[in-house]
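1. One predicted model, sequence on top.
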Amino acid sequence: MSRIGLESRLGAALAALAALAAVACEAPPSTIDRPGSLDLTRAWRSAELPDCAIASPLLVGSQGQEVLLTALSSGVLLATSPADGTEIFRVTLTAPLGQEAHIAATPGVLGTRVVVACCWPRPSATAARPAPPAPTA
């Protein structure tokens, strides 16, 4: 791309950014619609989870039924019934020997596939290590 073409694209991008900034900086509306109250009712309570849920649950279709997918920090993807919370299935991610998989974000859905971002953190420096050899006399 020539320098002139690059400069004209950069100028157009800066103009668009300035227009967006002008709209975003307008004064807020004088009245805000607020609900009178918000009443929540627990629909169901699931069984105790083996670890904490670190991501937003997803409602997806799986084999003809709706399931609620919950990602746990320990590398477990749990599918429960949205109607009553019963477990339908779980998938535990694998990790290299001596490490544990950790789900790093809310899973995504791509067509008929669920995409999970995971990592295998390195063992920390304070992790359990073998005891040093006993001093010799």
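-> Perfect, I can see it now.
2. pLDDT-wise, which helix or strand of this structure ranks last?
-> helix 3-24 (a mean of 58; mean pLDDT, DSSP states H and E).
3. just checking, residue 118 touches residue 75?
-> Yes. Assessed by C-beta atoms under 8 Å, residue 118 is found in contact with residue 75 at 6.2 Å. No exception for glycine: its C-beta is placed from N, CA and C like everyone else's.
4. can you pull the contacts of residue 44?
-> 83, 84, 85 (C-beta atoms under 8 Å, 6 or more residues apart in numbering).
5. At which residues are the strands of this protein located?
-> 58-62, 65-71, 76-80, 87-92, 102-103, 108-110, 113-115, 118-119 (DSSP state E).
6. Direction included, what does the last one pair up with?
-> The one in question is strand 118-119. Applying DSSP bridges, strand 118-119 is found paired with strand 102-103 (antiparallel).
7. pLDDT of the strand it pairs with, averaged?
-> Mean pLDDT, computed over strand 102-103, is 86.
8. Stretch 77-96 too?
-> The model assigns stretch 77-96 a mean pLDDT of 89.
9. shift numbering so it begins at 54
-> Will do, 54 is the new start, and the previous item becomes stretch 130-149.
10. Endpoints of that stretch, how far apart?
-> Across stretch 130-149, the terminal residues are separated by 18 Å (C-alpha to C-alpha, to the nearest Å).
11. What residues of that stretch count as buried?
-> 130, 131, 132, 133, 146 (16 or more other C-beta atoms under 10 Å).
12. Tell me the one among those residues nearest to residue 104.
-> Residue 104 lies nearest to residue 131 out of the buried residues of stretch 130-149, by C-beta to C-beta, at 9.7 Å.
13. I'd like to know how far the closest one sits from residue 124.
-> Per C-beta to C-beta, to the nearest Å, residue 131 is found 8 Å from residue 124.
14. now residue 160
-> 6 Å.
15. Sounds good, over and out.
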